[in-house]
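Engineer: pasted the sequence and its predicted model underneath.
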Amino acid sequence: MAKKSAISKAYKRKPAATAAAAAGNGANPKARKPMSRKEREYMAEFGTLDIDGARDASDDEDRAEIAMRISAKRAFTEDDLDRSIAQERARTARLVDSGASTSSAAANPNDLFSDDDDDKLSSFDTLMSTMATGKQKSVSALKRSLLDAFKKPASGPSTAPALRSSSAPLSSSSDDEDDGADEELSLSTDEEDAEHGLDDDEEIEIRYNKHGDLSDDDDKMATDDYPNHYDTHFADAEPTVNHVRKLAGLVSAGDATWQAVPLTDHVTFQLPIVPSDPLTTTVRDTHVADMQQEHDVRAMHVKSRILAAFLASNPLQSPFFNEAFGKLDRYHDVLWTSPDFAQHVGRLRRAIALHVLNHVYKSRDRVLRGNARIREAQQAAIAASSRAPVTRAAVDLDDEEGMRRLAEATGSGGTSNTTRKDKRVAPLSKAPRIDVESRDQGFTRPKVLILTPMRNTAYDLVKLLMDYSGTDQQANKRRFRDEYYTEDDGDSSFAARPADYRATFRGNTDDCFKIGLGFSRKAMKLYSQFYSSDVIVASPLGLRMMVETERDSDFLSSIEMVVVDSAHVMNMQNWDHLSFAMDLLNRIPKKSHDCDFSRVKSWYLDDLAKNYRQTIVLSEYAFPDLLALFNQHSQNVQRPRIRYRYPVKNGSIVSLTTGAPQTFVKVDGSVEQAEEARFQHLTTKILPKFRRPRRVLPGGHDLDTKHLLLFVPSYFDYVRLRNHMDEAEYDFEVVTEYTEAKEKTRARTLFFQGRTRILVYTERAHYFHRSSVRGALHVVFYGLPDNAVAYSEVTNFLGLPRSQALAAACRAAGSEVSEGNVTVLYSKWDALKLERVVGPSRVAKLLQGAGPFVFRS
């Protein structure tokens with residue numbers, strides 16, 4: 001006889017107390033024979049049960065108590081099973097005698113050995129129901145099946161609509177763990193969800209509302225009269241797709257134009273209008289009434305898990321926040337500019353963070369529900385195939401013909417390779433093919449792209465996402481703080497800089513970075529790979545360097561929302577990087593990247609994703625490149641695009657502290673003609689005066705031919721002027737954003753001492769360093785600066801302390817010379833810049849008149 005296994009011996013061991021009592025040696029009644037190593041390993045894995053108590057119990061003992069003990073311990077004896085089987089068969093016989101259906105024997109969960117509190121059938125429940133109908137005749141087979149049913153978790157096909165699934169948590173359970181930048185975010189444990197990059201770490205339940213649509217069970221606080229704009233905007237409905245395709249084609253062909261309609265004094269919206277179908281008053285009033293509605297954030301369809309986290313830190317919301325978030329939630333393209341950018345940007349970023357999380361979670365939940373719908377259909381197909389004439393229970397595994405028929409019936413496509421050793425285990429067949437359409441995805445997983453100029457802005461936004469995400473785990477949190485957050489060291493020179501400079505250049509000012517964020521229900525991972533991320537946060541420079549290095553931009557093919565924060569700072573960096581990044585969005589990918597095309601929305605396949613994408617741009621001021629980029633890439637034809645333009649009150653000219661006269665000289669012509677006229681005016685009427693002395697005062701100072709500060713806003717204009725002045729052999733020095741520190745100090749010193757006549761100073765050099773240039777008596781603005789603050793700060797250089805020799809010469813020349821003078825060259829194409837400098841009340845006169853115009857403070 002073969003040696004029995006350790007598990008069998010553990011079940012059938014007799015208590016040592018019985019043998020000791022029979023011998024009369026007064027042994028300890030609780031004494032037991034020492035267990036072997038295998039027995040201890042089994043008990044450590046499956047737990048132990050008071051086997052003696054179960055064996056000594058009478059047959060009339062309450063079977064519910066036995067069931068509870070067996071379920072709790074997951075270890076039991078064959079005597080328990082014999083008793084349970086006998087009681088179950090006796091109960092079934094009583095039900096049959098009384099006329100009850102045999103199927104009701106398994107309908108009551110209180111009469112079954114189950115550790116589930118709901119009405120789902122476990123493996124044990126199914127087996128007991130089979131036993132009650134008499135399909136299983138071998139008691140030994142029943143025992144083995146019952147043992148197997150108890151050893152594995154309850155997971156059978158469900159008759160209820162709820163579908164439960166679980167997966168392992170993220171590898172990092174601590175906020176301080178660092179998984180590495182290149183480790184892929186694993187958010188799935190089953191094959192289907194791994195393909196889509198999602199995990200089932202939550203209970204998925206398919207529910208339908210009163211209209212027959214999928215209900216959003218997490219939007220419990222939303223009101224019925226407020227629509228779910230996510231579902232209506234990104235729905236894959238054929239009428240909507242056809243409408244978008246038609247409008248996009250008309251706009252692309254130039255047959256439809258964007259017509260602006262005023263909403264308030266500082267807000268306008270634009271609609272794509274076909275000339276043959278002009279905008280009617282009724283349609284316009286309908287859009288105006290819709291956009292003037294204001295709702296509290298609690299009444300909108302915001303996922304409750306992020307809304308609770310948001311309200312915990314922001315219990316009260318201002319009307320400004322509700323208006324901003326309401327426009328974002330409706331998926332309007334938004335261009336927001338305001339001179340009070342630093343005061344309002346905090347609330348705007350909170351609204352954006354809440355909107356981004358709401359979008360990501362809704363998108364993720366739709367995919368998970370699609371997975372659940374497909375899984376439910378698969379389970380229904382499997383249940384239907386199990387009722388076929390050829391079943392596993394009816395086929396002997398040694399019968400090749402029966403196995404062939406079973407393989408054909410279940411769709412496995414061939415005979416089983418199961419050997420005699422696996423005789424008790426039925427072969428697993430492939431799930432039958434099902435025809436369930438669930439188009440809820442894009443080509444790749446990333447859905448949101450956030451572009452910021454520096455790491456300090458990225459840190460603020462990611463920190464808000466972390467705070468509002470409602471996640472318990474945030475992997476790589478410490479590493480993120482170390483790389484993106486920097487304490488200001490309390491430098492006195494930094495504290496003395498203007499407020500806008502301190503707000504822009506605080507903390508970490510690195511402009512080359514990228515980071516992926518992956519979300520699940522309970523965890524958030526930073527530094528996830530882009531193809532495993534939901535949100536990508538990057539600078540335009542960092543994104544461009546990565547794309548050009550790896551030759552791959554497919555992760556941007558399914559972006560549904562792009563946020564450009566602080567566009568005015570990007571304009572001072574390199575606008576071409578931002579244009580490059582925007583051009584990469586929503587292209588058809590070059591590779592499949594394990595995409596399930598049967599679940600890709602049809603408007604992705606039709607290359608209409610850019611017409612569904614939401615574009616959000618924040619800037620302190622508007623400039624031509626920004627307006628051109630917004631008009632080019634904001635092609636969301638489903639919603640009117642909105643432009644917030646808060647006017648300038650007085651202009652930066654009111655901040656001057658010097659009394660020097662300011663002469664505004666207008667140059668006319670087209671864009672190219674105006675640029676050429678500007679260059680000719682400078683090189684023929686202004687610069688020649690600083691080549692030869694006209695009047696020499698006592699002390700050797702020629703005030704009319706020295707101390708010229710030439711301010712150049714564009715780097716291209718600077719290159720052209722530098723080349724011209726080199727060829728004409730002017731005596732000049734330059735200070736640009738690329739000038740080294742020691743060269744910059746040398747140039748400023750020579751200019752201060754009057755040892756060089758001209759100092760060329762670029763706008764970017766002033767923006768990034770805010771240096772003070774002393775020794776200037778004449779200031780010429782080759783063009784108006786984009787940042788109006790630069791005009792007042794550079795003009796105020798005339799009032800800085802001067803060298804003793806220059807101060808003496810100015811006193812001798814009189815107050816008119818000592819005050820200095822300012823000359824500004826402008827054209828009608830500089831209307832936006834001119835408004836920020838002179839104010840809205842004066843700009844019309846300067847644009848309509850011929851000039852020159854002189855201002856005195």
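Structural biologist: Received it, and whenever you're ready, just let me know what you need.
Engineer: can you pull the contacts of the closest residue in space to Glu487 that isn't next to it in sequence?
Structural biologist: In this structure, Glu487 finds its nearest non-sequential neighbour in Gly507, 7.6 Å apart by C-beta to C-beta, 6 or more residues apart in numbering. C-betas here are computed from N, CA, C, even on glycine. Going by C-beta atoms under 8 Å, 6 or more residues apart in numbering, Gly507 touches Arg455, Asn456, Tyr459, Tyr485, Thr486, Glu487, Asp488.
Engineer: phi, psi for the nearest residue to Thr756 once chain neighbours are set aside please.
Structural biologist: Leaving aside its chain neighbours, Thr756 sits nearest to Leu750 (4.4 Å; criterion: C-beta to C-beta, 6+ apart). When read as degrees, to the nearest 10, the backbone of Leu750 gives phi -60, psi -40.
Engineer: shouldn't Leu750 be in contact with Lys744?
Structural biologist: No. Counting by C-beta atoms under 8 Å, Lys744 is not a contact partner of Leu750; they are 11.1 Å apart.
Engineer: if I look at Gln662, how far off is His778?
Structural biologist: Distance, Gln662 to His778, by C-beta to C-beta, to the nearest Å: 12 Å.
Engineer: which neighbours do those two share?
Structural biologist: Common contacts of Gln662 and His778, defined by C-beta under 8 Å, 6+ apart, comprise Asn821, Thr823.
Engineer: from Asp333, how far out is Phe630?
Structural biologist: Distance from Phe630 to Asp333, counting by C-beta to C-beta: 8 Å.
Engineer: just Leu626 next, same as before
Structural biologist: Separation of Leu626 from Asp333 (C-beta to C-beta): 13 Å.
Engineer: and the nearest residue to His266 once chain neighbours are set aside, what does it touch?
Structural biologist: Excluding its sequence neighbours, the residue lying closest to His266 (C-beta to C-beta, 6+ apart) is Tyr646, at 5.1 Å. Tyr646 is in contact with His266, Thr337, Ser338, Pro339, Asp340, counting by C-beta under 8 Å, 6+ apart.
Engineer: Ala850: how many residues sit nearby?
Structural biologist: Ala850 has 7 neighbours, counted by other C-beta atoms under 10 Å.
Engineer: contacting residues around it?
Structural biologist: Ala850 makes contact with Lys666 under the criterion C-beta under 8 Å, 6+ apart.
Engineer: what about it, which SS state?
Structural biologist: Following DSSP: H, G, I helix; E, B strand; the rest coil, the label given to Ala850 is coil.
Engineer: tell me the pLDDT at it?
Structural biologist: Note for Ala850: predicted pLDDT of 83.
Engineer: likewise for Phe797?
Structural biologist: For Phe797, the pLDDT comes out at 94.
Engineer: and it, that's in a strand?
Structural biologist: No. Assessed with three-state DSSP, Phe797 is helix; it does not lie in a strand.
Engineer: do I have it right that it meets Ser771?
Structural biologist: No. Assessed by C-beta under 8 Å, Phe797 is found out of contact with Ser771, at 9.9 Å.
Engineer: show me what counts as buried in stretch 652-672.
Structural biologist: Neighbour-count burial for stretch 652-672 flags Ser652, Ile653, Leu656, Thr658, Ala660, Gln662, Thr663, Phe664, Val665, Lys666, Val667 (criterion: 16 or more other C-beta atoms under 10 Å).
Engineer: swap in stretch 503-517?
Structural biologist: Of all the residues in stretch 503-517, those buried under the rule 16+ other C-beta under 10 Å are Thr504, Phe505, Gly507, Asn508, Asp510, Asp511, Cys512, Phe513, Lys514, Ile515, Gly516, Leu517.
Engineer: tell me how far the closest residue to Asp488 other than its chain neighbours lies from Thr657.
Structural biologist: Using C-beta to C-beta, 6+ apart and skipping the chain neighbours, the partner closest in space to Asp488 is Arg506 (5.9 Å). Distance, Arg506 to Thr657, by C-beta to C-beta: 26 Å.
Engineer: also Leu578?
Structural biologist: Using C-beta to C-beta, Leu578 is found at 35 Å from Thr657.
Engineer: where does the chain dip in pLDDT?
Structural biologist: For the chain, applying pLDDT under 70 flags the ranges 1-85, 88-89, 91-224, 386-435, 692-702, 815.
Engineer: tell me, how many residues neighbour Pro688?
Structural biologist: 13.
Engineer: so it lies in a helix, does it not?
Structural biologist: Yes. Counting by three-state DSSP, Pro688 is located in a helix.
Engineer: which residues does Ser818 contact?
Structural biologist: Per C-beta under 8 Å, 6+ apart, neighbours of Ser818: Leu777, Cys810, Arg811.
Engineer: only whichever of those are buried, select them in ChimeraX.
Structural biologist: Filtering the contacts of Ser818 down to the buried ones (16+ other C-beta under 10 Å) takes a single ChimeraX command:
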select :777,810
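Engineer: can you list the contacts of Ser818 in JSON lines and add distance to Phe690?
Structural biologist: Formatted as JSON lines, the contacts of Ser818 follow (distance: C-beta to C-beta, whole Å):
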{"residue": "Leu777", "distance to Phe690": "11"}
{"residue": "Cys810", "distance to Phe690": "17"}
{"residue": "Arg811", "distance to Phe690": "22"}
